[in-house]
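A.B. asks: give me a model of this one.
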Amino acid sequence: MKLLCSQSELNTALQLVSRAVASRPTHPVLANVLLTADEGTGRISLTGFDLNLGIQTSFSASVEKSGAITLPARLFGEIVSKLAVDTPISLVFDQSTEQIELISKSGSYQMKGMSADEFPELPLVESGTTFKVKANALVQALRGTLFASSSDDAKQLLTGVHLSFEGNDLKGAATDGHRLAVLNVEKALESEIKLEDPISSVNSFSVTLPARSLREVERLVSSWKSDDLVSLFCDRGQVVFLAEDQVITSRTLEGVYPNYNQLIPESFSKSIYIERKIFISALERIAVLADQHNNVVKISINDNSQELNITADAQDVGSGSESIQVEFEGESIQIAFNVRYILEGLKAIESNKIKLCCNASTTPAVFLPIDNNGFTYLVMPVQIRSEN
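C.D. replies: Numbers count the residues shown, from 1 in each chain. Now for the predicted structure:
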């Protein structure tokens, strides 16, 4: 293998695919990236794959001789990143020694690689259920839900985001058992879903994917134009996101995702209308004290009052309170929350004004944007002792 390529393009590609390289590989080759050069197409392809998440990208280069090799992702990435920007880099692979030489205008480096034959094949599904999603719709659905997924591996199904496609709409949902984020994006699909069974009249499909994989999808797709299309291929426990020169593959999370719709109360006896940015600022100030103890803040409002009180009491450290003007409908209530849960949900809402709906201090509270953009954020309150 022999080729000449741009330092900046190689560096960008390496940074991208390295996100899918195993941090604790079960096999030495999984700590490597696969480098493939094709003389016929004049392109270089780089692949990272930890058996759960795979990322592949390609770019143009001057390829004198085709070939493939796997190289240590961290070492290769660090060397390339420190070379002069926008300078040509020559890569020459000696198959007899499985060693590659990297030559730039400032010097040369040699690295020992491993055979490309040892690298696991990327599961590039191109059958089963297929459809195209608008880039901005996919990013919107992921940004509105990813933060609410669980980080507890014991709750494996909850470490992902449940994506439902019906008609032309996309709905994302994530929960960690303490809060639930749901976002429905209308007209998200460019084309109708093609099911594996062409006879079926059902035009809906759902899948649960690991949050780690979807964060990479969101990071990649967020830089695209809003009307760009992302192709999805779903089959046999694998989903492939494909667009232009980049591919992300992910395994699915098996199991039946919880029926989250039944968690959302049908009606509420209390509604508080709040300016979102003012609410966030007040909560961030109170969070300084809440962080000292248990992250709990208390929110209270009295009958006929238009002032919401936010307090935190960090035992043996101090206490604090904030008051903000609101519009209130209902009877007095005092309810406590994990302040981090509220802040993360509020920051996922784009509306200037939100509505906090609740029934009692022990039942779920729901945060909704006033402009009704399809976002619902439910938070379970924290049990607090009565001060009476």
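
A.B. asks: check the offset of stretch 116-130 from the chain's centre.
C.D. replies: Relative to the mean C-alpha coordinate of its chain, stretch 116-130 is positioned 22 Å out (Cα atoms, centre = their mean, to the nearest Å).

A.B. asks: oh, I was asking about stretch 17-24
C.D. replies: Remark: stretch 17-24 is offset 16 Å from the chain centroid, using Cα atoms, centre = their mean.

A.B. asks: can you pull out the low-pLDDT segments for the protein?
C.D. replies: Counting by pLDDT under 70, the ranges of the chain that qualify are 126-127, 191-203, 385-388.

A.B. asks: burial count for Leu242?
C.D. replies: The tally of other residues near Leu242 (other Cβ atoms under 10 Å) stands at 20. Backbone N, C-alpha and C define where each C-beta goes, glycine included.

A.B. asks: so how far is Lys270 from the closest residue to it other than its chain neighbours?
C.D. replies: The shortest distance from Leu242 to any non-neighbouring residue, by Cβ to Cβ, 6 or more residues apart in numbering, is to Ser231 (4.5 Å). Ser231 sits 45 Å away from Lys270, going by Cβ to Cβ, to the nearest Å.

A.B. asks: returning to what we had before: give me the beta-bridge partners of the residue nearest to Leu242?
C.D. replies: Lys132, Leu242 (DSSP bridges).

A.B. asks: could you pull out the helices for this protein?
C.D. replies: In the chain, the helices defined using DSSP state H lie at 7-17, 73-82, 135-143, 211-221, 276-290, 339-347.

A.B. asks: what about the last one, distance to the chain center?
C.D. replies: For helix 339-347, the distance between its averaged C-alpha position and the chain's averaged C-alpha position is 17 Å (Cα atoms, centre = their mean).

A.B. asks: before we move on, what about the third one?
C.D. replies: Between the centre of helix 135-143 and the centre of its chain there are 10 Å (Cα atoms, centre = their mean).

A.B. asks: okay, now Glu275: neighbour count?
C.D. replies: Per other Cβ under 10 Å, the neighbour tally for Glu275 reads 15.

A.B. asks: and the spatially closest residue to Lys187 that is not a sequence neighbour, how far is that from Asn372?
C.D. replies: Nearest residue to Lys187 in three dimensions, chain neighbours excluded: Asn168, at 5.1 Å (Cβ to Cβ, 6+ apart). Relative to Asn372, Asn168 is positioned 19 Å away (Cβ to Cβ).

A.B. asks: so which of the two has more stuff around it?
C.D. replies: A direct count of neighbours by other Cβ under 10 Å for Asn168 and Asn372 places Asn168 higher, at 19 against 9.

A.B. asks: would you confirm that the more buried one contacts Ala188?
C.D. replies: Yes. If you go by Cβ atoms under 8 Å, Asn168 and Ala188 touch, sitting 6.6 Å apart.

A.B. asks: what is the closest residue to Asn309 other than its chain neighbours paired to in the beta sheet?
C.D. replies: Closest residue to Asn309 apart from its sequence neighbours, by Cβ to Cβ, 6+ apart: Ser300 at 4.9 Å. Counting by DSSP bridges, Ser300 forms beta bridges with Asn309, Gln334.

A.B. asks: and Ser300, how many neighbours does it have?
C.D. replies: So Ser300, with other Cβ under 10 Å, has 17 neighbours.

A.B. asks: in contact with it, which residues?
C.D. replies: Ser300 is in contact with 308-309, 311, 332-335, counting by Cβ atoms under 8 Å, 6 or more residues apart in numbering.

A.B. asks: would you list every one of the strands in the stretch 51-200 of the chain?
C.D. replies: Using DSSP state E, counting those that start in this stretch, the strands of the stretch 51-200 of the chain run over 53-60, 62-65, 67-72, 88-94, 99-104, 107-112, 129-134, 160-166, 169-175, 179-185.

A.B. asks: what's the longest one in contact with?
C.D. replies: Right, the one you point to is strand 53-60. Strand 53-60 has contacts (Cβ under 8 Å, 6+ apart) with 5-6, 9-10, 13, 16-17, 19-20, 42-49, 122-123, 210, 212-213, 216, 245-251.

A.B. asks: would you mind checking the residues you listed for buried ones?
C.D. replies: Neighbour counting over the contacts of strand 53-60 (16 or more other Cβ atoms under 10 Å) leaves 5-6, 9-10, 13, 16-17, 19-20, 43-49, 122-123, 210, 212-213, 216, 246-251 as the buried ones.

A.B. asks: related to what we said a few turns ago, of the strands of the stretch 51-200 of the chain, which approaches Leu220 most closely?
C.D. replies: Closest of these to Leu220 is strand 53-60, at 8.1 Å (criterion: Cβ to Cβ).

A.B. asks: for that closest one, C-alpha coordinates in PDB please.
C.D. replies: The C-alpha trace of strand 53-60 is given here as PDB (Å, rounded to 0.1, in the frame of the first residue of the first chain):
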ATOM      1  CA  LEU A  53     -20.600   0.700  17.700                       C
ATOM      2  CA  GLY A  54     -18.900   1.100  14.400                       C
ATOM      3  CA  ILE A  55     -17.900   4.300  12.500                       C
ATOM      4  CA  GLN A  56     -16.500   4.400   9.000                       C
ATOM      5  CA  THR A  57     -15.500   7.400   6.900                       C
ATOM      6  CA  SER A  58     -13.700   7.900   3.700                       C
ATOM      7  CA  PHE A  59     -12.000  10.700   1.700                       C
ATOM      8  CA  SER A  60     -10.100  11.300  -1.500                       C
END
